[in-house]
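S.K.: Model the structure of this input:
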Amino acid sequence: MKKHLLHEQINDIEETVRGLMRRPLFFDGSASQMRLDMHEDEDAYSIHAEIPGAKKDDVKIELDDNYVMISAQKQSQSEHQNGGRCIFSERNFDVVSRSMSLAHDIDPTKARAAYENGVLALTLPKKSRSELHRVEIK
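M.R.: Numbers count the residues shown, from 1 in each chain. Down below sits the predicted model:
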């Protein structure tokens, strides 16, 4: 558990530094972050994450007990034909990630994910709590 908390703190620091380095000339307040909505019901967590520009094969989901990490690589290459030159380019290689610890352990064998139109839909069923077992004393 402590490993995950330290990992989250390091991710937050890295995202802040990347944001500062990305905005030296134009400060518009927007950092490259993965925005998401998360809902919980009795049986599962439901997450919808915006990852525009990423291909399905470049999205990675890691699950460990109650810890979830979503990351993606986004890459766009511009090709100029007929001797054209690039004047300005803000669309390039980028890595985005979000990680979180949930209140309940999740069952990774029942997790479902779909990616369409730049939105990842992730369903994470909660792991059923083991029943209390009594041991008979002989």
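S.K.: quick one: the helices in this structure?
M.R.: With helices called from DSSP state H, the chain shows them at 2-22.
S.K.: Quick one: find the helix or strand in it with the lowest mean pLDDT.
M.R.: The weakest-scoring helix or strand in the chain, judged by mean pLDDT, DSSP states H and E, is helix 2-22 (a mean of 65).
S.K.: List the contacts of residue 48.
M.R.: 36-38, 119-122 (CB atoms under 8 Å, 6 or more residues apart in numbering). To be clear about C-beta, it is placed using only N, CA and C from the backbone, and glycine gets the same treatment.
S.K.: now with 7 Å?
M.R.: 36-37, 119, 121 (CB atoms under 7 Å, 6 or more residues apart in numbering).
S.K.: Check residue 87 too.
M.R.: With contacts defined as CB under 7 Å, 6+ apart, residue 87 has no neighbours.
S.K.: that older thread, could I get the contacts of residue 48 in a markdown table, plus columns for pLDDT, distance to residue 105 and neighbour count?
M.R.: Output for these, formatted as a markdown table (pLDDT from 0 to 100; distance: CB to CB, whole Å; neighbours: other CB atoms under 10 Å):
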| residue | pLDDT | distance to residue 105 | neighbour count |
| --- | --- | --- | --- |
| 36 | 92 | 20 | 16 |
| 37 | 95 | 22 | 10 |
| 119 | 95 | 26 | 14 |
| 121 | 96 | 21 | 13 |
